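Student: please work out how this folds:
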Amino acid sequence: MGPVMGLVLCLSCLLLLSLWKQSSGKGKLPPGPTPLPIIGNMLQLDAKNISQSLRHLSKVYSQVFTVYFGRRPTVVLHGYEAVKDALIDREEEFSGRGSVPVVEKANKGQGRVVFSTGNGWKEMRRFSLITPQNLGMVKRSIEDHVQEEARKTNGG
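Tutor: Numbers count the residues shown, from 1 in each chain. A predicted model of the protein is given here:
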């Protein structure tokens, strides 16, 4: 077996492994166009008019579908009903945030305030809302601030 045949065999094995990994990793993702290894669905999307490409895919796969940008799956919600269902009717399932690998590596998995998600985010939010109140910083309502500024502006 020559070096060319060995290279073709290795590339074929990598291609099959990539396809198997993508199909087994889908889990509970909605249907969508079959992605290519490494580049995903990038060839099926027009970079100059991505909204038109997504609109066309929504007609084929329904209002909720999955596209791959590279090896990363992205669930697309197209249309008012799909967005309403996701953000209002199923808010707990869709309340998480995506991960940013560079930030995760830099912060060693601790997303701090901006990039936190899940229970860490809920605790951080609760702390940032309650602590200023406990320190007496948010005792007056916004209406009081507006009235005070109006009095200063009117010279009263």
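Student: domains in the protein, by residue range?
Tutor: Here the domain parsing of the chain from automatic domain parsing is 27-95, 99-156.
Student: what's the least confident stretch among those domains?
Tutor: For these, the weakest mean pLDDT is recorded on domain 99-156, namely a mean of 72.
Student: let's see the helix or strand hosting residue 125 as PDB, backbone CA atoms only.
Tutor: For residue 125, the host element (DSSP states H and E) is helix 118-134. Extracted in PDB, the C-alpha atoms of helix 118-134 (Å, rounded to 0.1, in the frame of the first residue of the first chain):
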ATOM      1  CA  GLY A 118     -27.000  28.700  35.700                       C
ATOM      2  CA  ASN A 119     -26.900  28.800  39.500                       C
ATOM      3  CA  GLY A 120     -23.800  30.900  39.600                       C
ATOM      4  CA  TRP A 121     -25.500  33.600  37.600                       C
ATOM      5  CA  LYS A 122     -28.600  33.500  39.800                       C
ATOM      6  CA  GLU A 123     -26.500  33.900  43.000                       C
ATOM      7  CA  MET A 124     -24.500  36.700  41.400                       C
ATOM      8  CA  ARG A 125     -27.700  38.500  40.300                       C
ATOM      9  CA  ARG A 126     -29.400  38.100  43.700                       C
ATOM     10  CA  PHE A 127     -26.200  39.400  45.500                       C
ATOM     11  CA  SER A 128     -26.000  42.400  43.200                       C
ATOM     12  CA  LEU A 129     -29.600  43.400  43.700                       C
ATOM     13  CA  ILE A 130     -29.900  42.800  47.500                       C
ATOM     14  CA  THR A 131     -26.500  44.200  48.700                       C
ATOM     15  CA  PRO A 132     -27.000  47.800  47.600                       C
ATOM     16  CA  GLN A 133     -30.500  47.700  49.100                       C
ATOM     17  CA  ASN A 134     -29.000  46.500  52.400                       C
END
